[in-house]
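>>> Here's a sequence, model it:
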Amino acid sequence: MQIGRAHTATTGICTATADAVEVRGRDLCSDLMGRLSFTEYFYLLLTGREPTEDQRYFLDLLLVAIAEHGMMPTVQAARMTLASDPNALQGALAAGILGCGPVILGTSELCGALLVKARARVTEGVGADKVVLELAREIHEAGGKVPGFGHPMHRPLDPRAERIMELADQRGVSGPHVDLARCMRDTVAQVWRKPLVLNVSMPIAAVLLDLDFPPAFIKAIPLLARTGGLLAHLAEEQQNPIGFALAGHAEEAVSYSANSRT
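Residues are numbered from 1 along each chain as shown. Below is the predicted model of the structure:
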């Protein structure tokens with residue numbers, strides 16, 4: 001049974017024959033292998049275009065910035081899964097990735113949507129300051145949270161966020177989205193009546209948008225980056241197992257009560 005509208009199924013990413021592989025219209029072996037870095041290749045896979053030097057530089061930078069952040073719950077889940085089945089590297093990796101979301105990995109995708117929305121409201125008669133103030137008030141009055149603000153560890157500044165914007169300024173790629181992100185920092189503090197940390201998620205989204213990355217692809221960057229970090233932890237887990245120690249500490253930390261309510 002056909003579900004949805006009937007159409008011809010096509011893909012523009014890759015095709016393979018007995019003696020060749022073509023990716024985005026380029027021969028994998030004779031053109032791409034040995035010429036492109038993985039970062040450049042990833043951009044080509046996502047967009048169908050090869051990146052400019054600035055796009056490659058900042059994609060590399062952002063992947064480095066978000067790949068690793070210590071013994072996060074996603075890392076613990078991955079390591080405990082590998083401890084349970086040492087042969088299931090792919091399953092352990094999947095366990096870690098499944099736990100990646102706005103609480104653990106960040107809200108770059110939501111930040112991107114907010115920045116796109118803000119920029120769409122900026123007109124000749126309505127400046128960025130006014131637009132950001134209106135958006136912040138709308139979120140605050142609805143009892144919501146502004147994505148990209150707050151961090152349980154990094155206070156008063158997230159050093160990763162500051163470094164991203166510093167390098168964006170140095171290389172001359174800071175554009176309207178980075179400007180909006182900076183405007184949001186001041187405005188959010190004003191509306192919430194307290195300083196809130198601008199975390200790494202907002203500059204990631206702002207720089208990607210200013211470099212013409214498609215908004216729908218923003219979430220892919222933290223996911224790819226964290227995959228690298230998880231694989232590093234799993235490689236260490238194979239050599240220095242701590243998965244069961246993590247599980248034991250978790251069990252010790254939780255007390256049992258027959259009268260406990262959920």
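>>> Tell me which stretches of the stretch 1-150 of the chain form strands.
For the stretch 1-150 of the chain, applying DSSP state E, counting those that start in this stretch gives strands covering 14-16, 21-23, 26-27.
>>> Tell me which of these is the most buried.
strand 21-23 (a mean of 17; mean count of other CB atoms under 10 Å). Any C-beta I mention is one placed from the backbone N, CA and C, and that applies to glycine too.
>>> Can you tell me the strand partners of it and which way each runs?
Sheet pairing for strand 21-23, assigned by DSSP bridges, gives strand 14-16 (antiparallel), strand 26-27 (antiparallel).
>>> So for Glu138, which of these sits nearest?
Glu138 lies closest to strand 14-16 among the strands paired with strand 21-23, at 43.0 Å (CB to CB).
>>> Contacts for the closest one, please.
Val21, Glu22, Val23, Arg24 (CB atoms under 8 Å, 6 or more residues apart in numbering).
>>> how close does Ala189 get to Ala136?
10 Å (CB to CB, to the nearest Å).
>>> now swap in Leu114 and tell me
10 Å.
>>> shared neighbours, those two?
What both Leu114 and Ala136 touch, as defined by CB under 8 Å, 6+ apart, is the set Val146.
>>> pretty sure Met72 contacts Gly106?
No: at 11.1 Å, Met72 does not count as touching Gly106 under the criterion of CB atoms under 8 Å.
>>> between these two, which one's more packed in?
Gly106 (26 against 19; other CB atoms under 10 Å).
>>> What residue, apart from its backbone neighbours, is nearest that one spatially?
Ser201 (3.9 Å; CB to CB, 6 or more residues apart in numbering).
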